[in-house]
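[1] Build me a structure from this.
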Amino acid sequence: MKPVCVLGNGQLGRMLRQAGEPLGIAVYPVGLDAEPEAVPFRQSVITAEIERWPETALTRELAGHPAFVNRDIFPRLADRLTQKQLLDQLGLATAPWQLLASADEWPQVFASLGELAIVKRRVGGYDGRGQWRLRADEAHTLPEECYGECIVEQGINFSGEVSLVGARAHDGSMVFYPLTHNLHQEGILRTSVALPTPDIALQQQAESMLSAIMQELGYVGVMAMECFVVEGGLLINELAPRVHNSGHWTQNGASISQFELHLRAILNLPLPVPVVSAPSVMVNLIGTGVNIDWLSLPLVNLHWYEKEVRPGRKVGHLNLSDPSWELIKQTLSDLVPMLPPEYQSGIEWAQSKL
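    Below is the predicted model:
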């Protein structure tokens with residue numbers, strides 16, 4: 001099988017490499033500043049763990065590579081303006097939004113979008129960075145350089161957040177995982193819960209939405225779609241054209257992980273529907289050092305990224321999956337004293353979903 005080069009050498013590239021090993025697929029995550037001659041890209045299929053990248057010697061070389069899958073799709077989805085325009089073009093529900101071009105627009109923004117405005121940088125903002133929650137008396141605090149470089153959305157009163165992770169093959173066929181329930185705190189995903197039997201109506205709506213997006217783009221590989229749950233169904237929040245944090249539970253909770261599924265799709269290998277037969281919970285490890293005591297709990301699977309531990313930085317995750325809902329709940333309770341206090345609310349939330 002052809003080797004795969006991953007543009008970006010963070011934890012997603014690392015986990016793609018790990019997924020390729022059992023299949024005999026050589027996966028090479030490469031940093032953006034790597035020298036082209038040091039990267040075996042010429043006979044490889046190219047993918048990416050990031051949506052946007054600066055121009056470097058390597059990215060210039062890859063720009064014309066005939067096997068760079070989704071190359072022209074990444075910039076379209078990396079910019080929230082063109083991403084939202086795509087969703088509007090397809091008639092898919094999102095929060096009401098507009099481009100924020102100047103400070104003079106604020107009266108009209110609040111008149112049309114309501115009392116709470118969510119400002120997001122068009123490119124680059126993630127995990128709560130590059131975003132502002134503003135009311136009318138706070139609009140003056142937005143940095144001047146944001147105008148023209150941000151969109152503004154209506155603040156949505158949602159009852160929950162879910163994501164759908166799916167994959168599309170070269171022949172246009174698609175497969176999906178069950179919807180994942182997500183808890184974000186300060187803009188960062190803290191905990192995910194996936195159930196083998198999701199809400200049928202929401203699952204069907206999500207699959208229809210993501211199918212329309214991937215078909216329109218001719219996308220190949222794994223894509224994640226984050227949504228708000230509101231009265232009447234789902235509103236699409238954001239798209240990620242890659243493997244995604246909210247799909248990490250699939251490493252231990254599905255017959256095929258999202259990382260293997262992505263490799264299968266881009267390499268034109270068989271793409272069966274992954275089997276999910278038990279509930280799963282994923283706990284993100286954020287700015288927290290490794291604790292070997294976690295491994296004393298038999299349901300806990302530790303995925304450690306070997307990154308320097310810094311506040312707010314994703315350094316690993318814990319996966320738990322078992323047919324016994326009660327055993328998962330008990331294991332989560334056993335985890336609480338092994339983690340810093342700020343994890344307790346996320347664990348309690350996960351227990352409430354089981």
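
[2] Centre-most residue in this protein?
    Centroid-nearest residue in the chain: H244, 3.2 Å away (criterion: C-alpha atoms, centre = their mean).

[3] ok, it - contacts?
    The neighbourhood of H244, defined by C-beta atoms under 8 Å, 6 or more residues apart in numbering, consists of 163, 165, 222, 224, 258. For glycine as for every other residue, the C-beta is placed from the backbone atoms N, C-alpha and C.

[4] Would you quantify the distance from it to S257?
    12 Å (C-beta to C-beta, to the nearest Å).

[5] which one of the contacts of H244 sits closest to T180?
    For those, the closest approach to T180 (C-beta to C-beta) belongs to S163, at 4.9 Å.

[6] which strands and helices sit next to the helix or strand bottoming out on mean pLDDT in the chain?
    In the chain, no helix or strand scores lower on mean pLDDT, DSSP states H and E than helix 57-62, which sits at a mean of 88. Helix 57-62 is packed against strand 4-7, with contacts defined by 3 or more C-beta pairs under 8 Å, 6 or more residues apart in numbering; DSSP states H and E.

[7] hey, C-alpha coordinates of the strand it packs on in CSV?
    Output of strand 4-7 as CSV, limited to C-alpha atoms (Å, rounded to 0.1, in the frame of the first residue of the first chain):
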residue,chain,number,x,y,z
VAL,A,4,0.8,8.5,3.6
CYS,A,5,2.4,11.9,4.4
VAL,A,6,0.4,14.0,6.9
LEU,A,7,1.0,17.7,6.8
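
[8] which parts of the helix or strand just after it are buried?
    On the C-terminal side of strand 4-7, the closest following helix or strand by DSSP states H and E is helix 11-20. Buried positions in helix 11-20, judged by neighbour count with 16 or more other C-beta atoms under 10 Å: 11-17, 19-20.

[9] again with stretch 129-148
    In stretch 129-148, counting by 16+ other C-beta under 10 Å, buried: 130, 132, 134, 139, 142, 146-147.

[10] can I assume H184 sits in a helix?
    No. Counting by DSSP: H, G, I helix; E, B strand; the rest coil, H184 is not part of a helix but strand.

[11] Verify the stated contact: it with V162.
    No. With contacts counted by C-beta atoms under 8 Å, H184 stays clear of V162, the gap being 11.6 Å.
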